[in-house]
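[1] Structure, please.
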Amino acid sequence: MLKKTLLAALTASVLCAPAFAAQKEAIFAGGCFWCIEKDFEHVEGVIDVASGYTGGTNENPTYKNHTSHGHREVVKIVFDDAVVGYDELLHTFFRTVNPTDGGGQFCDRGHSYSTAVYAYDDEQLAAAKAAAQQAAQDLGKPIATELTTVHPFTPAEEYHQDYYKKNPLRYSFYRKSCGRDRNVKKLWGKAAYPNVAGKSS
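    Predicted coordinates for the structure are as follows:
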């Protein structure tokens with residue numbers, strides 16, 4: 001009897017346990033990682049967003065040397081696939097940036113600020129290609145965003161993580177003066193910032 005009771009309790013606990021297997025990751029480059037981090041932290045189903053570097057030639061890049069070694073500023077997004085799918089994140093991503101600009105984003109110029117999607121597998125890569133094609137069709141312009149496979153991700157220095165929370169005034173001044181929201185909304189119109197709570201700022 002005791003054995004049956006313990007087995008029933010164990011089964012119930014397994015059935016009620018969180019679905020950790022639904023957690024997946026995405027890596028996007030969208031210009032300043034402070035801004036992309038903030039945007040995706042306001043998307044339902046996103047569990048965590050970390051700013052970092054990827055795509056370059058050296059190991060352990062830093063803010064001081066990542067540009068010279070060909071890295072981009074990126075964010076790694078951990079999301080609950082049962083709440084928000086990778087396709088939805090791609091849809092949001094393309095509409096929070098200017099994917100037609102191959103030279104950087106807004107006031108930030110150069111390769112390190114250019115847009116890219118780093119796919120973890122063939123399924124993500126196929127989804128990224130489909131999302132880019134849709135963005136090109138919606139805008140009527142070619143897309144400059146690089147679609148490639150995942151490279152090693154290095155988290156940025158701690159002071160960059162959640163920068164908008166730690167330095168709200170400096171962050172707000174930078175984002176406004178750089179013209180990010182103004183230009184994204186000019187490009188995308190009412191389609192800008194889908195699924196981003198508060199439409200970003």
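[2] Kindly indicate whether the residue nearest the centre of the chain is helix, strand or coil.
    With distances taken as C-alpha atoms, centre = their mean, residue 28 lies nearest the centre of the chain, 4.3 Å away. Following DSSP: H, G, I helix; E, B strand; the rest coil, residue 28 is assigned to strand.
[3] Contact partners for it?
    36, 40, 74-75, 77, 89, 93, 115-118 (C-beta atoms under 8 Å, 6 or more residues apart in numbering). For glycine as for every other residue, the C-beta is placed from the backbone atoms N, C-alpha and C.
[4] Out of the residues you listed, list just those in helices.
    36, 40, 89, 93 (DSSP state H).
[5] So which of these wins on neighbours?
    Greatest neighbour count in the ones in helices among the contacts of residue 28, by other C-beta atoms under 10 Å, goes to residue 93: 27 neighbours.
[6] how much space between that one and residue 169?
    Going from residue 93 to residue 169 by C-beta to C-beta, to the nearest Å gives 27 Å.
[7] Spatially nearest residue to the residue nearest to the centre of the chain, not counting backbone neighbours?
    Nearest non-adjacent residue to residue 28, counting by C-beta to C-beta, 6 or more residues apart in numbering: residue 93, 5.0 Å away.
[8] ditto for residue 87
    Closest to residue 87 by C-beta to C-beta, 6+ apart is residue 127, at 5.5 Å.
[9] and the one helix or strand the one you found maps to, which residues are buried?
    Per DSSP states H and E, residue 127 falls inside helix 122-139. For helix 122-139, a neighbour-count test (16 or more other C-beta atoms under 10 Å) marks 124-125, 127-128, 131-132, 135-136, 139 as buried.
[10] Please apply the same query to stretch 187-201.
    187-188, 192-196, 200.
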